[in-house]
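[1] Need coordinates for the following:
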Amino acid sequence: MTVPMSPPHGMVATTQRSATDAGLEMLQAGGTAADAVVAAAAALAVTEPMMTGLGGDCFALHYEGAPGRLTALNGSGRAPARLTADLVRSRGVTEMASAGALTVTVPGACAGWCDLLARHGRLSIARVLEPAIRLAEDGFVVAPWAAVAWANAPAVQRLLAAPGRGRSLLVDGKAPRQGDTFRNPPLARALRTIAAGGRDAFYRGDIADAIVATVRGAGGVIEAADLTTHASTWDEPIATEYRGHRIWECPPNGQGLVALLALDILEGFDLRALDPLGPERLHLLTEALRLAFADARAFLGDPRQTSVPVEALLSKEYAATRRALIHPARALRDVPHGEPRGRSDTVYLCAVDAEGNACSFINSNFAWFGSGLVPGAGDADPGWGFCLQNRGASFVLVPGHPDVVAPGKRPYHTIIPGMVTRADGSLYGPFGVMGGFMQPQGHVQVITALLDDGATPQAALDRPRLCVQARPPASVWPERGSAVDLHLEHGIAPAAVTALEAMGHRVLGDVAGGERLLFGRGQVIRRAPDGSLEGGSDPRGDG
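    Presented below is the predicted three-dimensional model:
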């Protein structure tokens with residue numbers, strides 16, 4: 001539902017009402033948009049533990065209202081110092097596993113929360129974590145979409161159910177059902193520990209010891225020094241111009257670059273003249289995304305360990321060369337990467353406060369329940385109530401590849417917050433869509449709905465989506481030559497499906513019900529020039 005609000009109020013948009021309430025509580029207490037998003041993210045770590053939590057990573061874009069300045073926080077972790085491609089291959093595998101101990105990178109979320117508050121917040125970490133602690137101790141009613149996500153991770157649930165500490169995330173070894181009241185006392189204990197001791201209470205001491213013991217006990221190589229030396233980074237955001245607005249993303253190692261590349265390609269087409277759900281526009285969106293993903297696969301990695309030609313990739317001249325590859329009525333059989341000259345499962349949430357500050361924030365375990373490992377001292381230990389991420393699954397083992405696994409390296413990261421400003425630099429609003437490699441695709445589809453079609457935030461999120469996705473066994477990448485499926489959500493007409501198939505797309509249409517989580521869940525807040533706010537929350541979630 002779209003909810004317009006006028007100044008001096010703020011707004012918070014999340015996937016769960018209890019998380020939204022946590023953010024609003026911070027605004028009412030005199031906090032900023034940064035305080036609100038961290039409180040909401042912590043609450044979501046309780047109510048959607050399969051998606052997010054202390055064992056994951058985070059990214060943020062922050063818009064400071066008075067000077068109109070944007071900053072980007074990279075709260076992603078790095079590979080352990082002992083994790084090398086040779087070590088992984090010595091285990092008898094040829095590509096990174098999708099879960100397990102070798103996929104665990106250093107969890108960056110806790111440091112990211114603390115660093116965002118230190119620079120842009122007004123409240124203490126103890127105050128900001130209060131709502132999440134209440135939820136974990138007192139319990140909450142499991143919402144419909146959360147129950148679907150909880151129940152649809154059976155393989156990981158077996159990992160969780162085996163050790164005693166994993167049972168804190170289940171009920172009698174099973175996912176809680178819609179309407180159940182769920183409590184997580186071990187997570188409450190972890191949050192209280194952080195509230196009392198800040199980031200050091202996570203990266204040193206009992207929690208850190210449990211992380212190291214659990215990962216190493218499962219065959220991983222993380223060490224205490226990997227945790228104690230972890231640090232977030234503040235980066236300059238990257239952006240492109242689209243329809244008189246500036247679209248902002250975090251720079252690599254995140255995949256926000258994919259969304260900007262696709263928008264640059266689409267800028268040269270008159271999308272306004274095309275039916276938003278007609279085959280002609282869906283074809284252009286699909287081809288632009290395929291080209292953008294091909295470039296990401298070739299060039300994207302940790303910029304501190306590999307050269308990523310962001311400026312060249314985002315030049316309008318380069319976009320024109322990529323756009324020229326698109327045939328208006330025929331799908332590309334193979335999608336090569338370009339040659340630029342010169343030299344990325346989840347929760348997304350956002351907030352705008354009364355002073356015009358905005359924060360676009362995303363926090364993730366990667367896969368549902370991440371690696372499936374819950375930190376604790378042993379199988380009989382109740383543990384700390386959260387899963388460790390599996391971000392290392394995005395690394396590759398190909399020598400010389402920009403995303404090859406290496407010590408201290410950040411992997412290609414799927415989670416991306418977005419922000420839009422107007423031509424005069426004023427805030428249009430934060431936005432984002434969750435869901436692995438669906439995220440840049442969701443960004444593109446939401447932005448074109450907002451800026452090409454003039455849709456409201458809620459209408460932009462309600463619109464049926466497409467998802468370009470590789471067929472197995474194409475590893476984690478959504479593009480491998482011509483072997484690509486085009487998933488279409490329920491609500492796109494059969495005639496459009498037929499036309500897309502005639503163009504050469506392999507279409508899997510009419511995805512409905514719980515499978516709609518494939519298309520991500522998003523939030524948007526739009527700030528009008530007079531300061532009034534209009535928000536939307538995705539119908540594919542519980543927000």
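
[2] How much space separates the nearest residue to residue 138 once chain neighbours are set aside from residue 384?
    Of all residues beyond its chain neighbours, the one nearest residue 138 is residue 183 (7.2 Å), with distances taken as C-beta to C-beta, 6 or more residues apart in numbering. Heads up, the C-betas are built off the backbone N, CA and C, glycines and all. Residue 183 sits 15 Å away from residue 384, going by C-beta to C-beta, to the nearest Å.

[3] Which of those two has more residues huddled nearby?
    Higher neighbour count among residue 183 and residue 384: residue 384, with 29 against 18, using other C-beta atoms under 10 Å.

[4] quick one: the more buried one is in a strand?
    No: Residue 384 is assigned coil when assessed by DSSP: H, G, I helix; E, B strand; the rest coil, not a strand.

[5] correct me, but it touches residue 190?
    Yes: here residue 384 reaches residue 190: they are 4.4 Å apart, a contact under C-beta atoms under 8 Å.

[6] Name the residues contacting each of those two.
    Contact with both residue 384 and residue 190 is made by residues 54, 207, according to C-beta atoms under 8 Å, 6 or more residues apart in numbering.

[7] give the contact list for residue 529.
    Contacts for residue 529 were tallied using C-beta under 8 Å, 6+ apart; they are 422, 426.

[8] Run a quick neighbour tally on residue 317.
    Every residue meeting other C-beta under 10 Å relative to residue 317 is counted, giving 9.

[9] Pop the domain breakdown of the chain in here.
    Domains of the chain are assigned by automatic domain parsing as 3-233+347-378, 235-345+414-537.

[10] most neighbours per residue, which of those?
    When those are scored by mean count of other C-beta atoms under 10 Å, the highest mean neighbour count falls to domain 3-233+347-378 (a mean of 22).

[11] I'd like the average pLDDT over that one.
    In this model, domain 3-233+347-378 has a mean pLDDT of 92.

[12] before we move on, back to that, format the domains of the chain as a markdown table; extra columns: distance to residue 395.
    What follows is the domains of the chain, written out as a markdown table (distance: least, C-beta to C-beta, whole Å):
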| stretch | distance to residue 395 |
| --- | --- |
| domain 3-233+347-378 | 5 |
| domain 235-345+414-537 | 9 |
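
[13] Could you point out which of these sits nearest residue 404?
    Residue 404 lies closest, by C-beta to C-beta, to one member of the domains of the chain: domain 3-233+347-378, at 5.8 Å.

[14] which helices and strands does the top helix by length along the chain pack with?
    Ranked by residue count and defined by DSSP state H, the top helix of the chain is helix 279-299. Counting contacts by 3 or more C-beta pairs under 8 Å, 6 or more residues apart in numbering; DSSP states H and E, helix 279-299 is packed against helix 256-266, helix 316-323, helix 438-447, strand 466-470, strand 484-489, helix 494-502.

[15] so what does the next helix or strand after that helix touch, helix or strand wise?
    With elements assigned by DSSP states H and E, the helix or strand that comes after helix 279-299 is helix 310-313. Helices and strands touching helix 310-313, by 3+ C-beta pairs under 8 Å, 6+ apart, are helix 256-266.
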